[in-house]
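*Asks:* what follows is a predicted protein model with its sequence.
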Amino acid sequence: MDKYLTLPLKDEDIEEINTGDTVYLSGEMYVARDAAHKRIYDLINDDKPLPVDLSGVCIYYMGPSPARPGRVIGSAGPTTATRMDKYAPAFLDHGVKVMIGKGRRSDEVRDGIIKNHGVYFAAVGGAGALLSKCITASEIVCYEDLGAEAVRRITVENFPVIAAMDCRGNDIYKKS
C-alpha cells in the first residue's frame with residue numbers, strides 16, 4: 001500500500017506502516033554514514049553532548065557525490081545498512097525513529113526498533129541519481145572534515161522507500 005508521510009513521523013504514522021508498504025517521505029532528515037556514526041556513538045558512550053538532537057529523527061545512510069551545477073546534491077543512493085548495525089541500537093535508544101539504507105538488519109537492530117517503536121526503510125540501491133531529484137535542500141550540520149560522510153540535514157519531497165522492517169519487527173528480508 002502506498003503511503004505519503006511527512007517527517008518527523010508521529011507514533012501513529014509508524015504504527016500504520018507495514019513491512020512491504022511503499023512510502024513517500026517529505027520533510028527533513030539527516031544523512032550520516034560510518035565515520036559520523038562512530039563519532040556520535042562515542043559521544044553517546046562517553047555521555048557527552050551530541051552535535052544533533054536525535055529525538056524523533058530520520059537518518060538516511062548515504063554519502064552524496066558532489067553536486068553538479070544547478071543541483072542541490074549529487075547522486076544520493078543508500079549505503080549498506082548493516083555497517084551501521086553496531087551503532088543503531090544506541091541511536092534508537094537516543095530517539096532515532098526512522099532509518100533508511102539498503103539491505104538486511106541484525107536481530108539487535110530489530111529488537112531496538114521494537115523497543116523504541118521505530119521503522120527501517122530500504123531505498124533502492126543503484127538509483128542515486130533518481131533519488132537525488134527528491135532532495136530539495138542540503139546543508140552540512142557537523143563533521144565537515146569527513147567530506148561526503150559529513151552529517152547533513154536534507155529536505156526531501158516524495159522520497160520513495162519500502163518499509164523493510166516495521167515497528168513490530170516484521171522483516172521483508174526474512175521469510176514468514
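*Replies:* Received, thanks. This structure is a prediction, so every number in the text was calculated from the model and none was measured. Numbering: from 1, shown residues only.

*Asks:* quick one: G70 from L131, how far?
*Replies:* 17 Å (C-beta to C-beta, to the nearest Å). C-beta: built from backbone N, CA, C; applies to glycine.

*Asks:* next one: I40
*Replies:* 23 Å.

*Asks:* that's a helix at I40, yeah?
*Replies:* Yes - checked against DSSP: H, G, I helix; E, B strand; the rest coil, I40 lies within a helix.

*Asks:* mind listing what it touches?
*Replies:* A32, L50, P51, V52, L54, Y87, F91, V151 (C-beta atoms under 8 Å, 6 or more residues apart in numbering).

*Asks:* and for S138?
*Replies:* V31, P64, A67, V72, I73, R152, R153, I154, T155.

*Asks:* give me that answer again for 10 Å
*Replies:* 31, 64, 67, 71-74, 76, 132, 152-156 (C-beta atoms under 10 Å, 6 or more residues apart in numbering).

*Asks:* try R105
*Replies:* Applying C-beta under 10 Å, 6+ apart, the residues near R105 are 81-82, 84-85, 88, 99, 112-113, 120, 122, 164-165, 171, 173.

*Asks:* between those, which sits nearest E144?
*Replies:* E144 lies nearest to M84 out of these, by C-beta to C-beta, at 20.3 Å.

*Asks:* give me the neighbour count for that closest one.
*Replies:* By the criterion of other C-beta atoms under 10 Å, M84 has 24 neighbours.

*Asks:* repeat that for N158.
*Replies:* A count of nearby residues for N158, using other C-beta under 10 Å, gives 11.

*Asks:* same question for the one 5 residues further on.
*Replies:* Close neighbours of A163, defined as other C-beta under 10 Å, add up to 22.

*Asks:* which strand or helix spans it?
*Replies:* If you go by DSSP states H and E, A163 is part of strand 151-165.

*Asks:* go through that strand and flag the buried ones.
*Replies:* By 16 or more other C-beta atoms under 10 Å, the buried positions in strand 151-165 come out as 151-156, 159-165.

*Asks:* swap in stretch 14-31?
*Replies:* Those would be I14, I17, T19, D21, V23, Y24, L25, S26, M29, Y30, V31, for stretch 14-31 by 16+ other C-beta under 10 Å.

*Asks:* in CSV, list the C-alpha atoms belonging to it.
*Replies:* Taking Å, rounded to 0.1, in the frame of the first residue of the first chain, the C-alpha atoms of stretch 14-31 are listed here in CSV:
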residue,chain,number,x,y,z
ILE,A,14,4.8,4.4,12.4
GLU,A,15,2.0,2.2,13.8
GLU,A,16,0.3,2.3,10.4
ILE,A,17,3.4,1.2,8.4
ASN,A,18,3.6,-2.4,7.5
THR,A,19,6.5,-4.3,6.0
GLY,A,20,6.3,-4.1,2.2
ASP,A,21,4.5,-0.8,2.1
THR,A,22,5.8,1.8,-0.4
VAL,A,23,6.2,5.1,1.4
TYR,A,24,6.9,8.6,0.0
LEU,A,25,8.6,10.7,2.7
SER,A,26,8.6,14.5,2.7
GLY,A,27,10.3,16.8,5.2
GLU,A,28,13.7,16.9,6.9
MET,A,29,16.1,14.0,7.6
TYR,A,30,19.7,13.6,8.5
VAL,A,31,22.3,11.9,6.3
